[in-house]
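> Provide a 3D model corresponding to the input given below.
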Amino acid sequence: MKFLLAVLVTFSQLTMADTFYSTKEFTSQSNDDSFKFPKEIEVKIKSVNFSKDEATILYGDKVVTIPLTIVAKDITRQSLNVDYKGIVETQTMKNISYCDEYEKVEFHIEFNYEKPYVAHDPIETTITKFYAVQVYKYDICHDPQPEVTVYEFLKK
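Below you'll find the model as predicted:
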C-alpha cells in the first residue's frame, strides 16, 4: 500500500501543470500579425531523461521533447538535485532574404529536478522560471547588435 501511494505521489509530482501569464504586452518589431504571443500558457514537465539531458514538456496544447543544459548539479547521499534550462519553442517571424529584417521569439524554461535515492520518495520537478526572448534586426547584414526584449511569465 505504501509503495502504491509513493508511485501515485511520484506520478502526480511530474504531471502537475503550472499556468503562467505574461507580464507585458508583446509587440512584433516587424509588424508580423501571424505570430500569436500567448498571454497565458499552461506548462507541464511530463518526464525528464537524466541520462540524455532531455525533457518532455507539455507546452500549451503541444508536447515537445527538448535538449537541456545543466546549470547546476548537486549529488548528496540522499538525492540527485539538478537545475536545468532549455528552449521549449522557437518561432521565426521574419527571415526573408539576404540583408533584410529578422525577428524570432524563443520560449525558455528553467526548472529543478530532484530525485531521491530512496525508491519510495517522490521525484520532484519545480519550474523556477519561464520567459520569452524576442530578437530583432532591421538589417541582418548591417545592424551590429540585435534588439533583444525579454518577456517574463509569472506563475498564476
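
> Any idea what Thr69 is bridged to?
Lys85 (DSSP bridges).

> Could you number the chain from 26 rather than 1 from now on?
Taking 26 as the first residue, the last one we looked at is Thr94.

> Please tell me I have it right and it contacts Tyr109.
Yes: in this structure, Thr94 is within contact of Tyr109 by C-beta atoms under 8 Å, at 6.8 Å. Quick note: C-beta positions are derived from backbone N, CA and C, even for glycine.

> and the two? which has more neighbours close in?
Neighbours were counted for Thr94 and for Tyr109 using other C-beta atoms under 10 Å; Tyr109 has more, 25 against 11.

> Next, work out how far apart the more buried one and Asp164 are.
To Asp164, Tyr109 is 36 Å away according to C-beta to C-beta, to the nearest Å.

> pLDDT below threshold where in this protein?
26-40, 121-122 (pLDDT under 70).

> Report the central residue of it.
Nearest to the mean C-alpha position of the chain, by C-alpha atoms, centre = their mean, lies Ile134 at 2.4 Å.

> Would you mind listing the buried residues in whichever strand or helix holds it?
For Ile134, the host element (DSSP states H and E) is strand 127-141. Neighbour-count burial for strand 127-141 flags 127-130, 132-136, 138-141 (criterion: 16 or more other C-beta atoms under 10 Å).

> That strand packs against which elements?
Judged by 3 or more C-beta pairs under 8 Å, 6 or more residues apart in numbering; DSSP states H and E, the packing partners of strand 127-141 are strand 65-74, strand 79-84, strand 104-120, strand 149-162.
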